[in-house]
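Chemist: Task: produce atomic coordinates for the following.
(chains A, B, C and D)
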There are 2 protein chains.
Amino acid sequence: MSAKSTAAAVSVASEAPARSEKPRVRDRIRDSAANLFYRHGIRGVCVDAIVEDAGTNKMSFYRSFPSKDDLVAEYLKDQERGYWQWWDEAVAPHAGDARRQVEALMQAVVDLIKTKSKSDCGCRSSRGCALGNAAVEIPEGNDRLNAIVHDYKAEIRRRLRRYAREMGAREPDSLGDALMLLLEGGYYTRLTFPNNSGPVTSIAKAARALIDAHMG
Amino acid sequence: MSAKSTAAAVSVASEAPARSEKPRVRDRIRDSAANLFYRHGIRGVCVDAIVEDAGTNKMSFYRSFPSKDDLVAEYLKDQERGYWQWWDEAVAPHAGDARRQVEALMQAVVDLIKTKSKSDCGCRSSRGCALGNAAVEIPEGNDRLNAIVHDYKAEIRRRLRRYAREMGAREPDSLGDALMLLLEGGYYTRLTFPNNSGPVTSIAKAARALIDAHMG
DNA sequence: CAGGTTAGTGACTGGTCAGTAACATCTCGT
DNA sequence: ACGAGATGTTACTGACCAGTCACTAACCTG
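Modeler: Take a look at the predicted model:
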């Protein structure tokens, strides 16, 4: 019954030798989970909802994932991977020029925030940062999931501080941290200010001002 | 059984004529809910847990609150009220000097973030912004709760833009938004970087640099 | 003391949710 | 065509959770 659209395959060119004609259950589940987790929060989405969205059933779910938490862990790592890919692409045209890389990144954030919600770029934005939001929901004791988020945020900080160093800024760590605050603030406020009406629209200008202040 | 400590009264000098000898059930519930919601998230705390922490029972809960959502709404408004109180106190010593007010505010954030977790100042910080975190958890359709968060964030933006205007900055709205991004980024990152090890430690310096860039 | 207010107890309903069991069917390579 | 692995179906367990009911006990006030 109910001929649901089995939707589009993700096909991120994985290690599978045979190109996937129709997406495997496991991939459909991951795809559905990514959408639902991002839109409604992790605690707000039950396994049944994921399974229904993926057009499968609970047994197939538990044949692919030992527990919901394992799916969440994969979801977080997937989001992180997609994010770095988006980041690297935004930055690539200005390799060797750290300042322009940061500026391109900030502009990319604004562009990203402007997109409705669909993953036109393999990266979600309408509800802020998937990993950051997860940090709100993951309970204190869940070291495994919390570690994923922490490592991700630490890497953001590391990269931004490195850019600051590469552009020869005074107090590069402070500049890197300030840029990170802008970035994270942009994602955080995206939750409450729809589309591109929020303060994030000023992020590129602010980043330039901060960089100027740390140069020369 | 179980002679739990009935804990300390809140006593915010309300409109009750008689000074409260022992805190009423309703206030104990609000107090417990505030702690638990902030620490574990709204969806992560059930009514039974609140009731147990408050040393009362479910019936007394539902005699005081029509539903859990009503308690959540009061929780959010309480947190907002406490936040503005903290804000106004941080800013009061520099009335008339918008620039120093902003600087004092940013420094107050750093000091706040440094505090372990207890509400030494009537304002929580160890897990970031209570209202902002709520935005992650509140489902899309819950207009009532979402409106509370939105109004709160909009007021932050309004105030910061006003400071920028009062200090005679060029493009005051951009400066106000940039300051807001720093502020929100500080709270957001506080979730993943313990104590005062995160990028928020650079917020005061960053704010000064931004203000300088918009002056003269 | 009477009557109202406030709070506590325990059991219950109806619903949700993670995870499991047993069995049936489909698909694909050989 | 056949068998194996992947997938679907139905029903279930046990836990949790919001909210309700009937009843009881303490307390305050006139």
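Chemist: Please name the nearest non-neighbouring residue to A:Lys58.
Modeler: A:Val51 (5.3 Å; C-beta to C-beta, 6 or more residues apart in numbering or on different chains). C-beta coordinates here come from the backbone N, C-alpha and C atoms, glycine included.
Chemist: Outline the domain layout of chain A.
Modeler: As given by automatic domain parsing, the domain ranges for chain A are A:21-65, A:73-214.
Chemist: With mean neighbour count and mean pLDDT added, can I get the ones you listed in CSV?
Modeler: Below are the domains of chain A laid out as CSV (neighbours: other C-beta atoms under 10 Å in any protein chain shown; pLDDT from 0 to 100):
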stretch, mean neighbour count, mean pLDDT
domain A:21-65, 18, 93
domain A:73-214, 19, 93
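Chemist: what's the helix or strand for the residue nearest to A:Lys58?
Modeler: Using DSSP states H and E, A:Val51 sits in helix A:47-53.
Chemist: does DNA strand D sit close to the next helix or strand after that helix?
Modeler: Using DSSP H and E, the helix or strand that follows helix A:47-53 in sequence is helix A:58-64. Yes: Helix A:58-64 lies within reach of DNA strand D by C-beta under 7 Å from any atom of the strand, at A:58-60, A:63-64.
Chemist: Equivalent analysis for stretch A:27-43, please.
Modeler: No: counting by C-beta under 7 Å from any atom of the strand, no contacts exist between stretch A:27-43 and DNA strand D, the nearest distance being 8.2 Å.
Chemist: same check, this time on stretch A:71-88
Modeler: No: Stretch A:71-88 stays clear of DNA strand D (C-beta under 7 Å from any atom of the strand), getting no nearer than 14.5 Å.
Chemist: hmm, back to that, hang on, the residue nearest to A:Lys58 packs against A:Arg28?
Modeler: No: using C-beta atoms under 8 Å, A:Val51 makes no contact with A:Arg28, being 9.6 Å away.
Chemist: which residues sit in contact with the residue nearest to A:Gln107 when sequence neighbours are not counted?
Modeler: Setting aside the residues directly before and after it, A:Gln107 is nearest to A:Ala204 in space (C-beta to C-beta, 6+ apart), at 5.0 Å. Residues counted as contacts of A:Ala204 (C-beta atoms under 8 Å, 6 or more residues apart in numbering or on different chains) are A:103, A:106-107, A:109-110.
Chemist: Now tabulate those residues in CSV and tack on distance to DNA strand C.
Modeler: Shown next, in CSV, are those (distance: C-beta to the nearest atom of the strand, whole Å):
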residue, distance to DNA strand C
A:Glu103, 42
A:Met106, 37
A:Gln107, 38
A:Val109, 32
A:Val110, 35
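Chemist: Is any residue of the helix holding A:Val51 near DNA strand D?
Modeler: No: contact of helix A:47-53 with DNA strand D (C-beta under 7 Å from any atom of the strand) is absent, the minimum separation being 8.5 Å.
Chemist: near DNA strand C, anything from that helix?
Modeler: Yes: in terms of C-beta under 7 Å from any atom of the strand, part of helix A:47-53 sits within range of DNA strand C, namely A:47-49.
Chemist: host element of A:Ala206?
Modeler: Assigned by DSSP H and E, A:Ala206 falls within helix A:203-214.
Chemist: oh sorry, the question was meant for A:Arg99
Modeler: Going by DSSP H and E, A:Arg99 is in helix A:98-114.
Chemist: Compute the inter-axis angle for that helix and helix A:203-214.
Modeler: Orientation of helix A:98-114 against helix A:203-214 (axes from the mean of the first three to the mean of the last three C-alpha atoms, to 10 degrees) gives an angle of 160 degrees.
Chemist: could you say what helices and strands the following helix or strand past helix A:98-114 packs with?
Modeler: Counting by DSSP H and E, the next helix or strand C-terminal to helix A:98-114 is helix A:130-137. The contact analysis (3 or more C-beta pairs under 8 Å, 6 or more residues apart in numbering or on different chains; DSSP states H and E) places helix A:130-137 against helix A:25-40, helix A:68-91, helix A:143-166, helix A:172-190, helix B:130-137.
Chemist: show me the contacts for A:Gly141.
Modeler: Contacts of A:Gly141 (C-beta under 8 Å, 6+ apart): none.
Chemist: Let's verify it: helix, strand, or coil?
Modeler: coil (DSSP: H, G, I helix; E, B strand; the rest coil).
Chemist: ok, so what distance separates it from B:Tyr163?
Modeler: 40 Å (C-beta to C-beta, to the nearest Å).
Chemist: Then A:Phe61?
Modeler: Distance, A:Phe61 to B:Tyr163, using C-beta to C-beta: 52 Å.
Chemist: what does the helix holding A:Arg99 rub up against?
Modeler: Residues contacting helix A:98-114 (C-beta under 8 Å, 6+ apart): A:86-87, A:90-91, A:93-95, A:121, A:123, A:125, A:160, A:162-167, A:179, A:182-183, A:186, A:190, A:195-196, A:198, A:200-201, A:203-204, A:207-208, A:211.
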